[in-house]
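Colleague: Please find the sequence and the predicted model below.
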Amino acid sequence: MDGDRRRWRQCVLTGAVFAVCMTGTTLPTPLYGMYQEKFSFSELTVTVVFAVYAFAVIGVLLLAGDASDTVGRRPVLLAGLGCAAGSAVCFLSATGLPWLYAGRLLSGLSAGLFTGAATAYVLELAPERGKGRATFVATAANMGGLGCGPLLAGLLAQYAPWPLYLPFAVHLVLVAGSAVVVLGLPETVRERGPLRAVRPQRPGLPAQVRPVFGPAAIASFVGFALFGVFTSVSPAFLAQSLDVHSPAVGGLLVALAFFSSTAGQLAVGRVGVGRSLPLGCAGLLGGLALLAGALHWELLVLVALSALVGGCGQGLAFRGALAAVAGAAPEDRRAAVISTLFVVAYCGISVPVIGVGLLVGPVGLEGAGLVFIACMALLVSAAGAYLLRRPVRTVG
């Protein structure tokens, strides 16, 4: 019994470290408006700064997604925390755009290193009979950390001094504490190799996975695209269209989307994988419709409802997609298939967001948002219709 308690303590501590890392990746979200005023750059630049993060995550997933299987969990987590600390230092030192690009690049590297390694570490440290609860710890740490970033930065920017510095100083302290925690945890990889043994992962898609992968990947793409727009351009929409200049309100709305995603992911266990994917598509469609209404009627309550409904839909769709493709993949190709799904998902965070930024100049922020919503609605409707005709039947 004492052994189980010790393992649960280690599992929860690892989850807390995971949350700290992910908090840093969304910390700048409510601050972009202040950076625009300080450095005088356009809305397109905001979306490019944001997308640098996603491209860094994709690069790590492709080049070193399985590094922790080779060199161990702790070295990879410490490297991720080092990148997170470097990102915070870049933002603390920012005197122009290059610092923001560097900060987002390092933030993406930290998230890419943590995503697989920390999830595996949480599951391995948990007692054998607690894998279900450990999955919740990993899910809550990932999405909860992403939600805490804009909430923390928004509150500090609103109610504390030095809005462009204090959030990153606080995060730097949390990262230092997390490094101490990781150094005190046991290593779970028994047979470790040198760093040179790490090989780039080539995305793979076996024939039996393809019927499931198409709609699952589309739903994941749209869900992450919705989050990408929320975290990159929603502060500008709040300020320009709704005259809401409070970073605390902006941070709270973005946090609501991520916290709702956590709730949606937890609901998959109740509704099952087969139903969670089409239900997630419906939730995403509802979130997109509410966001269109918010843009058209300029109502803050519709933005909040869009975050709530779209976040739940994203959580249902993404966890359902992950379970579906993992269950359909052969065991010896599972990691490659999951990496491919994550690559598609992170393309959703980057490519449509840059598209919105490009359209802001010719058609305005609201027009660009409506074009984005129409394109994403078509994609997710096609995926949902396919899933209703051919429901996913897989283990998980």
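Modeller: Perfect, thanks for sending it. Numbering: from 1, shown residues only.
Colleague: Let me know the pLDDT of the residue nearest to A56 when sequence neighbours are not counted.
Modeller: Spatial nearest neighbour of A56, excluding adjacent residues (Cβ to Cβ, 6 or more residues apart in numbering): G108 at 2.5 Å. Just so you know, the C-beta spots here come from the backbone N, C-alpha and C atoms, and that holds for glycine as well. pLDDT recorded at G108 is 96.
Colleague: got it, and the one 4 residues further on?
Modeller: The model reports G112 with a pLDDT of 92.
Colleague: Quickly note the distance from the residue nearest to it when sequence neighbours are not counted to V343.
Modeller: Closest residue to G112 apart from its sequence neighbours, by Cβ to Cβ, 6+ apart: V60 at 2.7 Å. Distance, V60 to V343, by Cβ to Cβ, to the nearest Å: 11 Å.
Colleague: With neighbour numbers in mind, choose between these two.
Modeller: Applying other Cβ atoms under 10 Å to V60 and V343 shows that V60 carries more neighbours, namely 22 against 19.
Colleague: residues of the helix or strand harbouring that one that come out buried?
Modeller: According to DSSP states H and E, V60 maps onto helix 43-64. Residues of helix 43-64 classed as buried by neighbour count (16 or more other Cβ atoms under 10 Å): 43-62, 64.
Colleague: With stretch 380-396 instead?
Modeller: Buried residues in stretch 380-396 (16+ other Cβ under 10 Å): 380-381, 383-384, 386-387, 392.
Colleague: what sits up against that stretch?
Modeller: Contacting residues not belonging to stretch 380-396 are listed as 211-212, 214-216, 218-219, 222, 273-275, 277-278, 281-282, 284-285, 288, 320, 323-324, 326-328 [Cβ atoms under 8 Å, 6 or more residues apart in numbering].
Colleague: where's that stretch relative to the chain centroid, distance-wise?
Modeller: 23 Å (Cα atoms, centre = their mean, to the nearest Å).
Colleague: what do you get for stretch 308-324?
Modeller: Distance, centroid of stretch 308-324 to centroid of chain: 12 Å (Cα atoms, centre = their mean).
Colleague: Check stretch 200-215 too.
Modeller: With Cα atoms, centre = their mean, you get 21 Å for stretch 200-215.
Colleague: Now do it: everything it contacts.
Modeller: Outside stretch 200-215, the residues touching it (Cβ under 8 Å, 6+ apart) are 61-66, 277, 324-325, 328-330, 333, 335-337, 339-341, 343, 383-384, 386-387, 390, 392, 394.
Colleague: What residues sit buried inside it?
Modeller: Buried residues in stretch 200-215 (16+ other Cβ under 10 Å): 201, 203-205, 209, 212-213, 215.
Colleague: Can you classify E187 by secondary structure?
Modeller: With DSSP: H, G, I helix; E, B strand; the rest coil as the basis, E187 sits in coil.
Colleague: any idea how far G177 is from it?
Modeller: 20 Å.
Colleague: L284 now?
Modeller: Counting by Cβ to Cβ - L284 and G177 are separated by 36 Å.
Colleague: Let me know the secondary structure of R192.
Modeller: Once three-state DSSP is applied, R192 turns out coil.
Colleague: for the record, mean pLDDT for stretch 346-362?
Modeller: pLDDT averaged over stretch 346-362 gives 91.
Colleague: Ramachandran coordinates for T95?
Modeller: phi -120, psi 0 (degrees, to the nearest 10).
Colleague: State the number of residues packed around it.
Modeller: For T95, the count of nearby residues is 8 (other Cβ under 10 Å).
Colleague: Look up how far A323 lies from I349.
Modeller: 21 Å.
Colleague: and what of P194?
Modeller: 34 Å.
Colleague: so where's the stretch 201-350 of the chain shaky on pLDDT?
Modeller: 202, 204, 331-332, 335 (pLDDT under 70).
Colleague: try 90
Modeller: Applying pLDDT under 90 to the stretch 201-350 of the chain flags residues 201-212, 216, 229-237, 239-241, 265-266, 268-274, 318-343, 345-346, 349-350.
Colleague: Show me the helices in it, by range?
Modeller: Along the stretch 201-350 of the chain, counting by DSSP state H, counting those that start in this stretch, helices occupy 210-232, 234-241, 247-271, 273-297, 300-328, 334-389.
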